[in-house]
Structure formats: C-alpha cells, structure tokens
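J.: Following is a predicted model, sequence given first.
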Amino acid sequence: SYAMSNISLIFTVNEAIFRMAYSLDRQSNVAIAENATLTELPEGLHSIIVYASDSFGNTGASSTVQFTVDITPPSISILSPENKTYDATDISLTFALNEPALWMAYSLNGQTNVTIAGNVTLAALPEGSQSVVVYANDTAGNVGASETIYFSIQPFPMILVVAVIVIIVIVGATLMVYFKKAKKTKGKAA
C-alpha cells in the first residue's frame, strides 16, 4: 500500500534495451526510456507490467505487480463518552473505525498519546472538564483523528446525601417526640 498518488516505477533489465513500456491496470502500453513516475493514481487496487524489447525484437515482460493506493486517513467516530456530565470517575472510551488500523491511541486533555488495542476504560478521572481525541494509523500509513469530545466529571455530592439523611432522622425524631408528648398530654386531659 502507498499513502500517495505519485509512485516511482523502478526496475532493472539484464541486457541492452531497444524499447520499453509499461501497462498499468491492463490499459494500453505507455512507452518509457527509463524508470518513471506513475502520477495521479486514484485510490484502490492497481497492477502493472513492464515490457522490454531488445534490438533483435525479443520482448520480455516482468511479473504482474499489484499494489494499492490509499491516501485517505481512517475515519474515527467516538461513541462514548458523549458531550455531557458524568457522575462516575471511570468512563468507557468506545469508538468505531471505517478500516483496519495498525496503531490506535487516545489523548486525554491534550496529554501525550496513550497507545491502545481497542476500546478501553478511562479510569480514575479527576473532577472537572475533560477532553479526548482518538487517533488511528491505517495499513498505508495514513493517520486519522476523531473529533474532540468534551465532557465533565461531577461526582454525585455525598455531602448532600448525608445532609438529607441527617435532616430526615432529626425531623423523624422530632415528630416522634412531638407525637409522644401529644399522646401524654391527651392522656392527662382525659
């Protein structure tokens, strides 16, 4: 695979040559005098054969060489996290690629890339604003990047939960005392 659309055609011939040509993708032969550059090749699979003729009219051909042109970087979609606030500090990083990758990594909050083999969990994230980008390198060497996802970590406020529980206990105890006194006062009045 080549990550470029202009590719050098380099070959050797074992004797003096009268004429040379190549056929790209089984099209008509193109005459050449020496090594050449194949220009503006479209993406996809290609094949090439080089022909050479000596001064006696003997023609030889190379074997067919197949190669791929891939100049498009991989497309990466982050499925999780989303642009929202989470109450947990461990968040799944889940993403999808449109082609196989030789290398994948993520960058959290603009820090150094962390190489990964696939989906991972971003563990023990600090409270506050976060950002994540996923990168992938395809088999031709093209590097793609996802969009940056911004999200926040805001753990569920435990102090509020404890305060609510304390208030419920105090109100409940106060009501019990009130009803006990009210019952005793009713009993004396009767």
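T.: Great, that's in hand. Keep in mind that this is a model prediction, so the values were computed, not measured.
J.: ok, residue 100 - contacts?
T.: 138, 139 (Cβ atoms under 8 Å, 6 or more residues apart in numbering). Where C-beta positions appear, they are placed from N, C-alpha and C, glycine not excepted.
J.: What of residue 45?
T.: Contacts of residue 45 (Cβ under 8 Å, 6+ apart): 66, 67, 68.
J.: Keep only those of the residues you listed that are in strands.
T.: Residues of the contacts of residue 45 located in strands (DSSP state E): 66, 67, 68.
J.: Dump those to CSV, plus pLDDT, neighbour count and distance to residue 98.
T.: Below are the ones in strands among the contacts of residue 45 laid out as CSV (pLDDT from 0 to 100; neighbours: other Cβ atoms under 10 Å; distance: Cβ to Cβ, whole Å):
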residue, pLDDT, neighbour count, distance to residue 98
66, 98, 8, 23
67, 96, 13, 21
68, 95, 14, 16
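J.: Helices of this structure, start to end?
T.: 158-189 (DSSP state H).
J.: got any ranges where it has weak pLDDT?
T.: 157-166, 169, 171-190 (pLDDT under 70).
J.: re the thing from before, ok, so of the contacts of residue 45, who is nearest residue 38?
T.: residue 67 (9.6 Å; Cβ to Cβ).
J.: dump the residue contacts of that closest one.
T.: 1, 2, 7, 45, 46, 47, 48.
J.: ok, so of the ones in strands among the contacts of residue 45, who is nearest residue 34?
T.: For the ones in strands among the contacts of residue 45, the minimum distance to residue 34 (Cβ to Cβ) is 20.1 Å, reached by residue 67.
J.: what's across from that closest one in the sheet?
T.: Beta-bridge partners recorded for residue 67 (DSSP bridges): residue 46.
J.: do the same with residue 20
T.: residue 32, residue 52.
J.: Against residue 59, how distant is it?
T.: Here residue 20 is placed at a distance of 10 Å from residue 59 (Cβ to Cβ, to the nearest Å).
J.: Pull up the overlap in contacts between those two.
T.: In contact with both residue 20 and residue 59: 51, 52, 53, using Cβ under 8 Å, 6+ apart.
J.: Can I have the buried ones of these as a ChimeraX selection?
T.: The following ChimeraX line selects those of the shared contacts of residue 20 and residue 59 that are buried, judged by 16 or more other Cβ atoms under 10 Å:
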select :51,52
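J.: Out of the shared contacts of residue 20 and residue 59, flag the one nearest to residue 76.
T.: residue 51 (43.0 Å).
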